[in-house]
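Peer 1: Here you go, sequence then predicted model.
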Amino acid sequence: MVGPSIIFYIIFAIPYIFVMYWLVKQDKRKYAWGVSVVTVIAIVALYVSQKASKNAIENYKQHQIDAREAEKEVN
């Protein structure tokens, strides 16, 4: 799986977004900056998670290749 896992979305991302928007709604003046900042933070977090997932998969694939080559050298 290339993207973030469903566990990440259920435990971290979705509750974070709901709590942040709820906090912004509690503001009496309804500042647009608060909503903008929360939205940008959520988008950046998802981007970073996607990037980290892709790097982890690439590292795992390279590890498999290296392990196969090391196994061939032993045999």
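Peer 2: Everything's here; your move.
Peer 1: elements contacting the helix or strand hosting residue 40?
Peer 2: Taking DSSP states H and E as the criterion, residue 40 maps to helix 32-74. The helices and strands touching helix 32-74, judged by 3 or more C-beta pairs under 8 Å, 6 or more residues apart in numbering; DSSP states H and E, are helix 14-26. For glycine as for every other residue, the C-beta is placed from the backbone atoms N, C-alpha and C.
Peer 1: quick check: mean pLDDT across the helix it packs on?
Peer 2: Taken as a whole, helix 14-26 has an average pLDDT of 80.
Peer 1: let's have the chain start at 53 instead
Peer 2: Let's use 53 as the start, then, which means that last one is helix 66-78.
Peer 1: Sort out which residues of that helix are buried, please.
Peer 2: The neighbour-count check on helix 66-78 (16 or more other C-beta atoms under 10 Å) flags 69, 72, 76 as buried.
Peer 1: show me where pLDDT drops low in the chain?
Peer 2: 53-56, 80-82, 127 (pLDDT under 70).
Peer 1: what about the most centrally placed residue in it, distance to residue 69?
Peer 2: In the chain, the residue lying closest to the centroid (C-alpha atoms, centre = their mean) is residue 101, at 2.1 Å. Residue 101 is 13 Å from residue 69, where distance means C-beta to C-beta, to the nearest Å.
Peer 1: Might one say that residue 60 is in contact with residue 101?
Peer 2: Yes: with contact defined as C-beta atoms under 8 Å, residue 60 reaches residue 101; the gap is 6.2 Å.
Peer 1: now residue 100: how far from residue 94?
Peer 2: For residue 100, the distance to residue 94 equals 11 Å [C-beta to C-beta].
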